[in-house]
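Here's a sequence, model it:
(chains A, B and C)
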Amino acid sequence: MSSEIELQIAPIVQESLMHNSRTFQNLQSLTASLFGVSAGILGLESYSGFLFYIIFSLLTSVLFYIIRVAPTSISSGKKPLDTSRYFLGAVDFWTGGLMNGLAGFILTWTLFYGLVSA
Amino acid sequence: MAQVPVQTIHRDPQLFYWILFPITIVMVLTGILRHYATVLMASAPKKLDQKTMREQRGLVHGINVRGNFHTLSKRSFNARRDALITAYESGAYLKDPENQGQPPPNPLSDPGSMEGMMGMMKNQMAMIIPNTLIMSWINAFFSGYVIMKLPFPLTIKFKSMLQAGVATKDMDPRWMSSISWYFLCIFGLQSVFNFILGNDNAANQMAQQMGQMGPQTAQMFGPGVDPNKQFLAEAENLAVIDHYSVLDNVEDRLLKSIRV
Amino acid sequence: MTFISKAITAVGGILLAHACYSAQEHSALQSFRATSGAALTSAPTTAVSLPLDIVLETIVSTFIILLGLVLVTRPLRPIQWREWAGKIEREGEEGFKDSNGEVNKDYIGNPFAIFESRPNFVDIRKQRKEFAQWVKKEGGQKAQ
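Below is the predicted model of the structure:
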C-alpha cells in the first residue's frame, strides 16, 4: 500500500518509460546478433558460447549505463549503478536483455559457425 | 576414457549459396512483405454512432474516476461517485435501455462485430498463408540436405525435428537440415526486422502471437458482453473505494523535504 | 556525435569482416592440410585452434561495434513526472533532438501548457495597468 501511495505522489510518465525500454531493447537485440557473429567466428561451442553471450550482454548493460544513464543520473543525486531515474526495475535493466536477444544470438551464431568452420 | 571422435562431414560449399542464402533471403523478404501487407490491410477504426459512444465513454469515465481518485478532493470525489452510481444503476448511459434484462445478442448476427472478426481473420491469414507456402517450398526443393552443424550439443530427441528428411541412424543430432534452418529463422529474425522496419513492425509472427495473448482493452467493448452488467460491476467498484488524497499530510512532506 | 559513433561502428565492422575472412581462410587451410597430410604421414592431425591474433581481432572489433551502437542510441527520458516536466520546461525543444539534430516526432511540448493560459490564472489587474499605460502613451503621442 505504501508503495502505491508513493507512486501516486510521484507519478511515472508512461511514454518516457516505454521510450526508454524500447531504446534499450533495440540495442540489446541488435547487439545480440553481433555477439552471435563473433561467437561464430571464434568457433565457440556449447557452454563457452553461451558464456560469451552472457558476458558480452552484461558488458552491453554496463556500457549503456556508463554512456546513457550515468552522466545525468549521478548529477541528479542518484547513487552509482542506480537506474531508477530511467528504468523501473534494476534487475530488469541488468539481466533482462539475456532472454531478449537469445534467439537472434543463436541464429547468427549458427550461421557464422557454419560459414567459417565449414 | 575413450575419446568420441568428432564427426566431420564434407559438404559442398555450393550448399550455402543454393540453400542457406535463398531460405534466409526469402524469410527476410516475407517478413517485410507481411509488414506492409498488414499496414495496407489495416482498416480504419469504424465510426461509432452517438449512443454507442456514450455507452463506452460512460464506462471509461467510471474507470478513470476509480483509477485516479487520489487526485480529487473528498468532496468532489463523492459528488462524482454519487452521480456515476445513480447513472449506472438507472441505466442512463445504456445504448438501448429497453432490453436491459435480455441476454446479449448472438455476436455472429451483429454486423458491427463481424467487422472486427474479419480484421482478425485477415491477420491470421497473413500469418498462415506465407508460412505454409514457405514450408512446402522448402520441403519440395531442399529436403534431405544436411547443411549445417549447430554449435551446441543437443539430446537425441531433437534428431527427428532437426534432421527431418535425412533419416540416418548414426548422425550426431547437431547436424541440421534445411527445414530446421527455417525454424531458426522464424525465431531469430526479429532483431533484423527491428533494424530494417523500425520497432512496431508486424513482420514477425511471434510478436503478433504475443500480442494476441493480452488484448484486454479490446475485449472490454467486445461483442457478446452485456453493457448493463459492466455498468453494475463498475458501480460496485466505485462504491467500495476508500477515499484518500495525495494531498493528505502534504505539509509534513514539504517540511521534511526542505529541512536539510 | 553521430558522425563519430557511425565511424566507430564502420571501423569495427571492417575489422570484424577481416577477422571473419581470416578465420574462414584458417579453417579452410586446416582442412586442406588434414586431407593432404593424411596421405603422406599417418600421424593423427589434431584440430589447431584459432590463432591468437584472429581471436583478439574478433573480440576487439566486437567491442568497438558495441561501443558505436551504444553511442547511436537515443537519449533517455526521465520517468518521474516532476523531473520530466522540469526537463521540458528548462530545455524545450533543445532537449528532444535526436542524434541527427532533428526534433523528435513524438515531442508535444509542455503537456501542461493549457494550464498556463487558462483564463482563471490571467492576471487581469496587471493587464489592465499595461493597457492603461499603452493608452496613455498612444494618446500622448497623438496629442503632440
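
Report all helices and strands that the host helix or strand of C:Y21 contacts.
Using DSSP states H and E, C:Y21 sits within helix C:2-40. Judged by 3 or more C-beta pairs under 8 Å, 6 or more residues apart in numbering or on different chains; DSSP states H and E, helix C:2-40 is in contact with helix A:14-42, helix A:102-116, helix C:52-72. Where you see a C-beta, it was placed from the backbone N, CA and C, and this is true even at glycine.

These: which one's closest to C:H26?
helix C:52-72 (6.6 Å; C-beta to C-beta).

which of the residues in that closest one are buried?
Within helix C:52-72, the residues that count as buried by 16 or more other C-beta atoms under 10 Å in any protein chain shown are C:54-55, C:57-59, C:61-66, C:68-72.

How far does stretch C:59-76 sit from its chain's centre?
9 Å (C-alpha atoms, centre = their mean, to the nearest Å).

for chain B, what are the low-confidence residue spans?
Along chain B, segments meeting pLDDT under 70 span B:1-7, B:43-46, B:97-117, B:164-167, B:198-225, B:260.

and it, which residues reach chain A?
B:11, B:13, B:16, B:20, B:24, B:70-71, B:147-153, B:176, B:181, B:184-185, B:187-192, B:194-195, B:199, B:244, B:246, B:253 (C-beta under 8 Å from any C-beta of the partner chain).

And the next helix or strand past the strand or helix carrying B:N123?
Assigned by DSSP H and E, B:N123 belongs to helix B:111-142. Under the assignment DSSP H and E, the closest C-terminal helix or strand after helix B:111-142 is strand B:146-149.

could you say what helices and strands that next one packs with?
helix A:102-116, strand B:175-177, helix B:178-188.

Is the first one positioned near chain C?
This means helix A:102-116. Yes. Using C-beta under 8 Å from any C-beta, we find that helix A:102-116 touches chain C at A:112, A:115-116.

For the closest residue to chain A within chain B, the count of nearby residues, please.
At 2.9 Å from chain A, B:G188 is the closest residue in chain B, using C-beta to the nearest C-beta. Other residues near B:G188 number 27, with proximity taken as other C-beta atoms under 10 Å in any protein chain shown.

residues touching it, list them.
A:103-108 (C-beta atoms under 8 Å, 6 or more residues apart in numbering or on different chains).

how about 7 Å then?
Neighbouring residues of B:G188 by C-beta atoms under 7 Å, 6 or more residues apart in numbering or on different chains: A:103-104, A:106-107.

Repeat that for A:R68.
Applying C-beta under 7 Å, 6+ apart, the residues near A:R68 are C:73, C:75-76.

can we see that at 8 Å?
Contacts of A:R68 by C-beta under 8 Å, 6+ apart are A:86, C:70, C:73, C:75-76.

and if you look at B:P151?
A:39-40, A:43-46, A:49, A:109-110, A:113.

residue contacts, the spatially closest residue to C:G68 that is not a sequence neighbour?
Nearest residue to C:G68, sequence neighbours excluded (C-beta to C-beta, 6 or more residues apart in numbering or on different chains): C:T9, at 3.2 Å. Contacts for C:T9 (C-beta under 8 Å, 6+ apart) come out as C:64-65, C:68-69, C:72.

which of the residues you listed has the weakest pLDDT?
Lowest in pLDDT among the contacts of C:T9 is C:V72, which has 82.

That one and C:A10: what is the separation?
12 Å (C-beta to C-beta, to the nearest Å).

Pretty sure B:R34 sits against B:A126.
Yes. Counting by C-beta atoms under 8 Å, B:R34 does reach B:A126; the two are 5.7 Å apart.

ok, the two, which is more surrounded?
Between B:R34 and B:A126, counted using other C-beta under 10 Å, the more crowded position is B:R34 (23 against 19).

Quick one: the contacts of B:P151 as JSON lines, columns for distance to B:M118, pLDDT and neighbour count too.
Output for the contacts of B:P151, formatted as JSON lines (distance: C-beta to C-beta, whole Å; pLDDT from 0 to 100; neighbours: other C-beta atoms under 10 Å in any protein chain shown):
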{"residue": "A:A39", "distance to B:M118": "45", "pLDDT": "89", "neighbour count": "28"}
{"residue": "A:G40", "distance to B:M118": "44", "pLDDT": "88", "neighbour count": "25"}
{"residue": "A:G43", "distance to B:M118": "51", "pLDDT": "83", "neighbour count": "22"}
{"residue": "A:L44", "distance to B:M118": "49", "pLDDT": "83", "neighbour count": "20"}
{"residue": "A:E45", "distance to B:M118": "50", "pLDDT": "80", "neighbour count": "17"}
{"residue": "A:S46", "distance to B:M118": "48", "pLDDT": "80", "neighbour count": "13"}
{"residue": "A:G49", "distance to B:M118": "46", "pLDDT": "88", "neighbour count": "22"}
{"residue": "A:W109", "distance to B:M118": "41", "pLDDT": "89", "neighbour count": "31"}
{"residue": "A:T110", "distance to B:M118": "39", "pLDDT": "87", "neighbour count": "23"}
{"residue": "A:Y113", "distance to B:M118": "45", "pLDDT": "86", "neighbour count": "25"}
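
Quick check: which ranges of chain C have low pLDDT?
C:1, C:37-48, C:92-113, C:115-116, C:142-144.

near chain A, which residues of it?
C:16, C:19-20, C:23-24, C:27-28, C:49-50, C:54-55, C:58-59, C:61-63, C:65-67, C:69-71, C:73-84, C:106.

For chain A, give me the ranges with low pLDDT.
A:1-4, A:77, A:118.

Show me the residue at the heart of it, geometrically.
What sits nearest the mean C-alpha location of chain A, by C-alpha atoms, centre = their mean, is A:G97, with 4.0 Å.

pretty sure that residue is touching A:V62, no?
No. In this structure, A:G97 is not within contact of A:V62 by C-beta under 8 Å, at 11.5 Å.

how much space between B:S180 and B:V28?
18 Å.

My error: substitute C:Q141 in the last question.
73 Å.

and the two? which has more neighbours close in?
Per other C-beta under 10 Å, whichever of C:Q141 and B:V28 has more neighbours is B:V28, with 16 against 8.

angle of the helix or strand where that one lies against helix B:111-142?
Per DSSP H and E: B:V28 is located in helix B:21-41. Between helix B:21-41 and helix B:111-142, the angle comes out at 170 degrees (axes from the mean of the first three to the mean of the last three C-alpha atoms, to 10 degrees).
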